[in-house]
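Asks: 3D, please:
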Amino acid sequence: MALTGRDGEQDGVSRQYLYLRVAEDLRGKIASNVFKAGEAIPTQQALMARYDVSRVTAQRALETLRSWGLIDEGGRGRGSRVVDAAPKTLAQRVAVAFTAQHVSLDVWSLTTEKLSKIVAQQVEDIESGVARPPESIRARVLLPSLDVDYRLPWLISDRADPRPVRRLRGLIKTYARQLEHSLLAAAEYRRVPTVRVEIRCMPALPLQKCYILNESVALTSFYRVQKNKVRERGDSVPLEIFDLVSGSEVFTWEPSATGGSERAYFDQLRQLFDSCWSNVAEPMDLGE
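Replies: Numbers count the residues shown, from 1 in each chain. You can find the predicted model right below:
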């Protein structure tokens, strides 16, 4: 893979700096296990020959991989090695998903607070040239309806108090808007040719969040009910409520993995999402 252009300049095809294109290509190879955890990454000399770039470009590409946490610092007598390359967190999985030519996100959660921040960072990387833009992004987001009087969350001292549910509705709408804005911004920047975002709702609170990325991997995490102290805008005293809180453990389901149970669970998650999306979900009004 030869890259043309002077070091420090952007090439004429992708408008990315050469060292970023090298780093991005290597990141893709690490994500796809071409370079496995514990294996040595190509040396500067090898990268210079492989990509037809200068030593400065190869060095900066390796520094970028270190900044992404993908390779170690190396040691006496040896070069850098790939660290545990398997993405574990939602942010890492979304970053890998955005390296695909066509990105798809199917999301079912209580709010999109965490995801909206992760996607905003991906779009920022695309705009700044750190990441290569995909050709298309398609997102389907399923959230709780905003006009339902849910039984959770509730104020411990007074279950009839409307403030906890009112606060939840505000969080759902706020972060849904942020997610939609970030994704549509990728099209407005004219970096991603096709962006489609659809947000629907259904009258139920999910007890498990689900992300299906590029139809190739699913991530799930369970909510739990626990006491929580929150503040509603304008309140000086925090509200003590029973709340749905996301657990820290994330389960990953990949249909390509060995074992029929992995594939079966992935298929069940996808069918559940599709059935709710098609049969009971309605468009969500994110207006004022």
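
Asks: how close does the residue lying closest to A131 once chain neighbours are set aside get to Y189?
Replies: Closest residue to A131 apart from its sequence neighbours, by Cβ to Cβ, 6 or more residues apart in numbering: D125 at 4.0 Å. (C-beta placed from N, C-alpha, C; glycine too.) Distance of D125 to Y189, computed by Cβ to Cβ, to the nearest Å: 12 Å.

Asks: repeat for D235
Replies: Using Cβ to Cβ, D235 is found at 38 Å from Y189.

Asks: cool, and V130?
Replies: Applying Cβ to Cβ to V130 and Y189 gives a distance of 13 Å.

Asks: before we move on, the earlier item: out of D125 and Y189, which sits in the busier spot?
Replies: Neighbour count, other Cβ atoms under 10 Å: between D125 and Y189, D125 has more, with 17 against 13.

Asks: Wait, the more buried one touches R132, no?
Replies: No - using Cβ atoms under 8 Å, D125 makes no contact with R132, being 9.4 Å away.

Asks: host element of the residue nearest to A131?
Replies: In this assignment (DSSP states H and E), D125 forms part of helix 113-128.

Asks: next one: Q268
Replies: Per DSSP H and E, Q268 falls inside helix 260-279.

Asks: Where do the strands of the stretch 1-150 of the chain begin and end?
Replies: 102-108, 136-144 (DSSP state E, counting those that start in this stretch).

Asks: chain center to the shortest one, what's the gap?
Replies: By that I understand strand 102-108. Offset of strand 102-108 from its chain centre (Cα atoms, centre = their mean, to the nearest Å): 9 Å.

Asks: Show me what that strand pairs with in its sheet, parallel or antiparallel.
Replies: Applying DSSP bridges to the sheet, strand 102-108 is found paired with strand 136-144 (parallel), strand 208-213 (antiparallel).

Asks: Domains in this protein, by residue range?
Replies: 1-86, 90-283 (automatic domain parsing).

Asks: so is V245 in a helix, a strand, or just coil?
Replies: At V245 the chain is in strand, as set by DSSP: H, G, I helix; E, B strand; the rest coil.

Asks: what separates it from T112, distance-wise?
Replies: Taken as Cβ to Cβ, the span from V245 to T112 is 16 Å.

Asks: Y51 against V22, yeah?
Replies: Yes - assessed by Cβ under 8 Å, Y51 is found in contact with V22 at 5.2 Å.

Asks: neighbour-wise, which of the two wins?
Replies: Neighbours around Y51 and V22, counted as other Cβ under 10 Å, are more numerous at V22. The numbers are 25 against 21.

Asks: does the closest residue in space to F251 that isn't next to it in sequence have beta-bridge partners, and which?
Replies: The shortest distance from F251 to any non-neighbouring residue, by Cβ to Cβ, 6+ apart, is to T220 (4.8 Å). For T220, the beta-bridge partners under DSSP bridges are C210, F251.

Asks: Show residues contacting the strand or helix carrying E198.
Replies: Under the criterion of DSSP H and E, E198 resides in strand 194-202. Here strand 194-202 makes contact (Cβ atoms under 8 Å, 6 or more residues apart in numbering) with 135-146, 176, 179-180, 183-184, 186-187, 276-277, 280-284, 286.

Asks: who does it pair up with?
Replies: strand 136-144 (parallel), strand 282-283 (antiparallel).

Asks: what's around L213, how many residues?
Replies: 20.
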